[in-house]
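[1] Sequence and predicted structure are below.
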Amino acid sequence: MARVRHDGGTVDRGALDRQGRDEDAALGSSLRPRTMDEYIGQGALKRKLRVFVDAAKQRGEALDHVLLHGPPGLGKTTMAQILAAELGVRIHVTSGPAVEHKGILAGHLTALESGDVLFIDEIHRLTPAVEESLYSAMEDGRIDLPVGEGSRARTMPFALAPFTLVGATTRTALLGAPLRERFQIVEGLEYYADDELAAIVRRTAGILGIAITAEAALELGRRSRGTPRIANRLTRRVRDFAQVRGRARIELDDATFALGELGIDAEGLDAIDRRILGAIVELFDGGPVGIEALAATLAEPRDTLEDVYEPFLLQRGFLVRTPRGRQVTRKALAHLGKPVPPRSGGGGSEQGELPL
């Protein structure tokens with residue numbers, strides 16, 4: 001099993017993602033799958049990574065550098081740890097904001113042994129100077145270190161052990177093109193299907209020591225925003241409600257009751273989702289509205305809206321992006337109990353008409 005080294009660095013990713021990370025850390029690593037076989041979902045990604053890992057092991061080489069991208073909570077960190085475990089090497093874990101300057105990066109790189117994995121979460125938040133230092137490390141296996149002080153100062157190349165950089169990002173576009181192009185393996189994680197999340201819920205409930213019916217697990221999965229981290233968190237909370245109610249196992253009515261108490265509606269929307277949609281409807285006549293104006297109105301960081309909430313609302317058809325900004329859909333109006341205007345003759349999303 002891979003040994004994990006965690007370094008400091010708190011990342012402000014919004015309340016939802018931050019709460020998930022804190023709870024995951026408090027519970028420890030018991031819920032994380034440790035092998036490809038235990039990892040539920042992302043079938044196409046797993047098949048490709050198995051081939052890449054097996055090929056690298058057969059050649060006796062370090063795995064090529066890997067960039068994993070996708071919304072928060074889909075399992076990028078877990079996949080990085082599994083890659084290290086499957087390769088039989090150590091993993092060193094840090095984050096973009098924690099690598100504040102080249103000296104910190106050099107410390108990480110020089111601590112690596114042959115074949116080790118360096119995992120950088122939020123890699124898009126590295127400073128340009130640190131990004132540039134990674135170029136030679138990734139391509140040539142060296143890093144330039146300062147030697148001496150004052151007028152005698154100079155840089156000396158330092159050879160690195162062969163290693164694999166695994167970067168994770170929610171915002172690939174913010175990576176500098178030169179860094180992005182140095183990753184030989186670039187793969188995205190997709191939102192999970194309801195049945196995959198139900199399987200994750202059943203596994204988590206088993207680890208937590210409580211039984212759950214298939215119907216309850218599917219309901220939890222259906223309301224987990226396509227995200228395993230949220231499925232795990234909701235399972236823990238529903239477990240609390242069920243135990244307080246004296247249930248020996250989680251039944252469908254336990255799940256429905258608890259999710260209602262938690263403010264998770266039948267479509268998986270929480271209070272902030274509904275607040276976002278409600279603000280667009282009530283304050284901006286359904287949109288379109290620019291993301292900056294929406295963030296200012298809601299007093300939420302733009303990054304939080306774009307990374308945490310908006311992808312789910314877009315995927316589920318409650319929101320669309322237009323050249324002029326965000327706009328709610330007919331589905332959103334119906335879900336909020338608002339009047340849905342008749343469709344125009346063209347049936348499209350022309351000016352003034354709500355998208356389908």
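    Yes, it's here.

[2] Please list all residues in contact with residue 312.
    71, 191, 225-227, 268, 273 (Cβ atoms under 8 Å, 6 or more residues apart in numbering). Where you see a C-beta, it was placed from the backbone N, CA and C, and this is true even at glycine.

[3] Name the nearest of those residues relative to residue 307.
    The shortest approach to residue 307 among these belongs to residue 71, at 6.8 Å (Cβ to Cβ).

[4] Now name the helix or strand holding the nearest residue to that closest one once chain neighbours are set aside.
    On the basis of Cβ to Cβ, 6 or more residues apart in numbering, the spatially nearest residue to residue 71 that is not a chain neighbour turns out to be residue 311, at 4.8 Å. Here residue 311 sits within helix 310-315, counting by DSSP states H and E.

[5] per-residue confidence at the residue nearest to residue 71?
    At residue 311 the predicted local distance difference test score is 88.

[6] What distance do you get for it to residue 226?
    Here residue 311 is placed at a distance of 9 Å from residue 226 (Cβ to Cβ, to the nearest Å).

[7] go on, residue 42?
    Distance from residue 42 to residue 226, by Cβ to Cβ: 12 Å.

[8] Give the buried residues for the helix holding residue 311.
    Neighbour counts over helix 310-315 (16 or more other Cβ atoms under 10 Å) mark 310-313 as buried.

[9] Would you agree the residue nearest to residue 71 is in contact with residue 73?
    No. Counting by Cβ atoms under 8 Å, residue 311 stays clear of residue 73, with 10.6 Å between them.

[10] Neighbours of residue 263, how many?
    12 (other Cβ atoms under 10 Å).

[11] let me redo that: residue 35
    The criterion is other Cβ under 10 Å. On that basis, residue 35 has 10 neighbouring residues.

[12] which SS state does it fall under?
    Under DSSP: H, G, I helix; E, B strand; the rest coil, residue 35 falls in the coil class.

[13] Just confirm it contacts residue 86, I think it does.
    Yes. Taking contacts as Cβ under 8 Å, residue 35 lies within contact range of residue 86: 7.1 Å.

[14] What distance do you get for the residue nearest to residue 71 to residue 173?
    Using Cβ to Cβ, we find residue 311 at a distance of 14 Å from residue 173.

[15] With residue 157 instead?
    Plainly put, residue 157 is 32 Å away from residue 173 if you go by Cβ to Cβ.

[16] Tell me which of those two has more neighbours.
    The residue with more neighbours, out of residue 157 and residue 173, is residue 157; 12 against 9, by other Cβ under 10 Å.
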